[in-house]
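Chemist: Quick one, structure for this:
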Amino acid sequence: MFNPSRLTLARERRGWTKLVLAEKTGLTARSISNFENQLDFSPSDETLQLLAETLRFPVSFFLADTLDQPTSDTASFRAMKSMSAARQHSVLAMGAFGFALDKWIDIQFEQPTADVPLMPSELPDVAALSLRHHWGLGEQPIKNVLKLLEAKGIRIYSLGNQPREVSAYALWHDGVPFVFLNYTKSAEHIRFALAHELAHLVLHRDIDPNDADARQIEREADRFASAFLMPHRDILAHAMRTPSRATLIQAKKRWGVSVTALAYRLHQLEFITDWHYRNLCIEMSKKGDRTHEPAGLPHETSSRLEKVFSALREDRISRAQIAENLHIFPSDLDELLFGLVPTVWQGEASVSSPSRAHLRVVK
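Modeler: Modelled structure (predicted):
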């Protein structure tokens, strides 16, 4: 049976308004609205085929059960207000596909349980240090942030090939923490974004976005991320006074952060003066460091997803079959995995799906 919520989801995933979909299909905007709001008969088979082809989804997508979807009230957005409504809807729709894929993986594998304590009343710096101690990290640099968060039960998926205005968002769904990332940015930016979204998961789970100061929440998340990635004592032991841009570029490698993030942390901890920080910012801006990270690090990839899809590949479950189970095309599956599992589809085969007992458990 036709599911109207699926039509809305498909349209929003493509970033189209009802009017745009109407123009692309030759239908009227009123017909699209009626289909989505169940104010008319369901589309005929011919019309449904037209909608499916235009939106680039299998017909079966529109006949499946309703998917859970993040909302702007539950997802933590960076630069939310700068995004168009269409862009917001599109990235939120990616969350619905991420939930669906993760639910499918849960059926096949045992995934790590969440170990993400809530600290809503803690100051950001204190919460970052407390979480480090809870996870047994001490105050040493974190070699791989993505792998660490996955090991603690945080599900991380890609937002595909998005413009710079889209960074990341995080939310809790059915007791499971999720982060969705724009993986087109630098490795340093992604590490900081992961720590920033971790802050939202730890500090801001129960905050009502309609009553909250969005700028204050973002400042808290940035402060948490800085303290989490660059602990005070380790900075004290290894950072230099009055550093130049060149020395910062060398020093940033220890903490895996951007040169601008390291300069900000040094200023925050009063290792450098306002005057020195301002001059560093001017020089970094002239050199283009905010858009092109100097001496960039390699991107971190997902151990969890690589293990899952390597096991599926060895059991001869193909990319096309996984997409078929989710009622999407492989291209949309690829978007969810963009950058996270770069070589997973090599040598895939397409056969019948085995039972859970034949699949390996992710450890």
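Chemist: quick one, domains of this structure?
Modeler: Domain segmentation of the chain under automatic domain parsing yields 4-66, 232-287.
Chemist: How far does the first one sit from its chain's centre?
Modeler: When C-alpha coordinates are averaged (Cα atoms, centre = their mean, to the nearest Å), domain 4-66 and its chain have centres 27 Å apart.
Chemist: Could you pull up the mean pLDDT of it?
Modeler: What domain 4-66 shows for mean pLDDT is 94.
Chemist: Residue 301 belongs to a strand, doesn't it?
Modeler: No - assignment of residue 301 by DSSP: H, G, I helix; E, B strand; the rest coil gives coil, placing it outside any strand.
Chemist: my guess is it meets residue 340, correct?
Modeler: Yes - using Cβ atoms under 8 Å, residue 301 makes contact with residue 340 at a distance of 5.8 Å. The C-beta positions use only the backbone N, C-alpha and C, and glycine is treated the same way.
Chemist: Tell me which of the domains of the chain lies nearest to residue 207.
Modeler: Between residue 207 and the domains of the chain, the tightest spacing by Cβ to Cβ is seen for domain 232-287, at 23.2 Å.
Chemist: First-to-last residue distance for the closest one?
Modeler: 28 Å (Cα to Cα, to the nearest Å).
Chemist: from the chain's centre, how far out does it sit?
Modeler: Per Cα atoms, centre = their mean, the displacement of domain 232-287 from the mean C-alpha position of its chain is 27 Å.
Chemist: can you give me the mean pLDDT across that domain?
Modeler: Domain 232-287 comes out at a mean pLDDT of 94.
Chemist: Use 44 as the first number for this chain going forward.
Modeler: Will do, 44 is the new start, and the previous item becomes domain 275-330.
Chemist: got the contact list for the residue nearest to residue 86 when sequence neighbours are not counted?
Modeler: Ranked by Cβ to Cβ, 6 or more residues apart in numbering and with sequence neighbours excluded, the top spatial neighbour of residue 86 is residue 78, at 5.6 Å. Neighbouring residues of residue 78 by Cβ atoms under 8 Å, 6 or more residues apart in numbering: 45, 47, 50, 85, 86, 94.
Chemist: Save these as CSV, and put in secondary structure too.
Modeler: Converted to CSV, the contacts of residue 78 look like this (three-state DSSP):
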residue, secondary structure
45, coil
47, helix
50, helix
85, coil
86, coil
94, helix
